[in-house]
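Let me see the structure of the following:
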Amino acid sequence: VDSTNTVPISNRAELDRWILSKLNSLILDVTEQFENFEPHKAARYIEEFVDEHLSNWYIRLSRRRFWKGEMSEDKKAAYETLHECLMVLSKLMSPIAPFFSDWLYTNLGDNTTAIDSVHISEFPKASIQHIDANLEKRMEMAQKISSMVLSIRKKENLKVRQPLQKIQIPILGTDFKQHV
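Just a heads-up that it's a prediction; the model follows:
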C-alpha cells in the first residue's frame with residue numbers, strides 16, 4: 001500500500017474506523033499483557049480480534065467493497081484498512097508466533113521502510129486518537145443483537161435469506177439508549 005496517498009481515517013467508512021479503533025485498543029491490551037509477562041493472555045486477545053472482529057465482521061461486511069470493479073476511494077480505504085490490520089497483527093504476534101508473523105510481514109510488504117523482518121521492525125504503539133470507545137460499544141451491541149437474531153432464526157427454522165417483517169428490541173436502560 002502506498003502510504004503517501006492513503007485515504008485519511010476520517011474519510012473512511014464507519015466500519016473501517018471501528019476496526020481501526022479495535023486494533024488500537026488491541027495494541028494497548030497486548031502491550032499490557034507482554035509487559036506483565038502474560039503472553040498467553042496476549043495471544044488470546046489477538047485470537048479474539050482476528051476471529052471475532054476482523055474475520056467474522058470486518059471482512060464479511062466488506063466483501064462487496066473488496067470485489068467492486070473499479071478502484072474507488074472506498075475500495076482503496078477497505079484495502080488500506082485490512083493491510084494496516086494485518087501488518088500490526090504480524091508485529092503484535094511476533095514474540096509468540098515468530099515464523100508465521102515474519103512470513104506474514106514479509107509477504108504483505110511495507111513500502112514505507114527497508115526493514116526485511118518483523119523482528120527488527122518497531123513494535124506497534126497505539127494511536128489513542130483513533131480509539132472511539134462509543135463506536136466500539138455501538139458495534140458490540142450490533143454484534144450481540146445480530147447473534148441473538150440468528151439464534152432465534154435457527155430455533156424457529158427461519159432461513160437467513162428470508163426477510164423478517166420487524167424486530168423489536170427493548171431499550172432497558174439509559175446506557176443502551178445513548179448508544180443506539
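
The helix or strand residue 17 falls within packs against which elements?
Element membership for residue 17 (DSSP states H and E) is helix 14-35. Contact here means 3 or more CB pairs under 8 Å, 6 or more residues apart in numbering; DSSP states H and E; on that basis helix 14-35 packs against helix 39-48, helix 73-92, helix 133-155. C-beta coordinates here come from the backbone N, C-alpha and C atoms, glycine included.

for the shortest one, what is the average pLDDT?
Regarding helix 39-48, the rounded mean pLDDT is 98.

before we move on, back to that, how about the helix holding residue 17: buried residues?
15-27, 29-31, 33-34 (16 or more other CB atoms under 10 Å).

Contacts for it, please.
9, 12, 39, 41-42, 45-46, 49, 53-54, 57-58, 61-62, 77-78, 81, 84-85, 88, 92, 95, 123-128, 130-133, 135-136, 139 (CB atoms under 8 Å, 6 or more residues apart in numbering).

how does it look with 6 Å?
Residues outside helix 14-35 that contact it (CB atoms under 6 Å, 6 or more residues apart in numbering) are 41-42, 45, 49, 53, 58, 61, 77, 81, 85, 88, 92, 124, 126-127, 130-132, 135-136, 139.

What of stretch 60-68?
With CB under 6 Å, 6+ apart as the criterion, stretch 60-68 contacts 15, 74-75, 78.

Extract the C-alpha trace of that stretch and format it as CSV.
Output of stretch 60-68 as CSV, limited to C-alpha atoms (Å, rounded to 0.1, in the frame of the first residue of the first chain):
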residue,chain,number,x,y,z
ARG,A,60,-17.5,-10.4,5.9
LEU,A,61,-19.2,-6.9,5.8
SER,A,62,-16.5,-5.5,3.5
ARG,A,63,-16.6,-8.3,0.8
ARG,A,64,-18.5,-6.2,-1.7
ARG,A,65,-16.1,-3.3,-1.2
PHE,A,66,-13.1,-5.6,-1.9
TRP,A,67,-14.7,-7.1,-5.1
LYS,A,68,-16.1,-3.9,-6.7
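
Off-centre distance for it?
Centroid separation between stretch 60-68 and its chain, computed with CA atoms, centre = their mean, to the nearest Å, is 14 Å.

For that stretch, which residues meet the burial criterion?
For stretch 60-68, by 16+ other CB under 10 Å, it's 62, 65.

Same question for stretch 34-54.
Applying 16+ other CB under 10 Å to stretch 34-54 flags 34, 42-43, 45-46, 49-50, 53-54 as buried.
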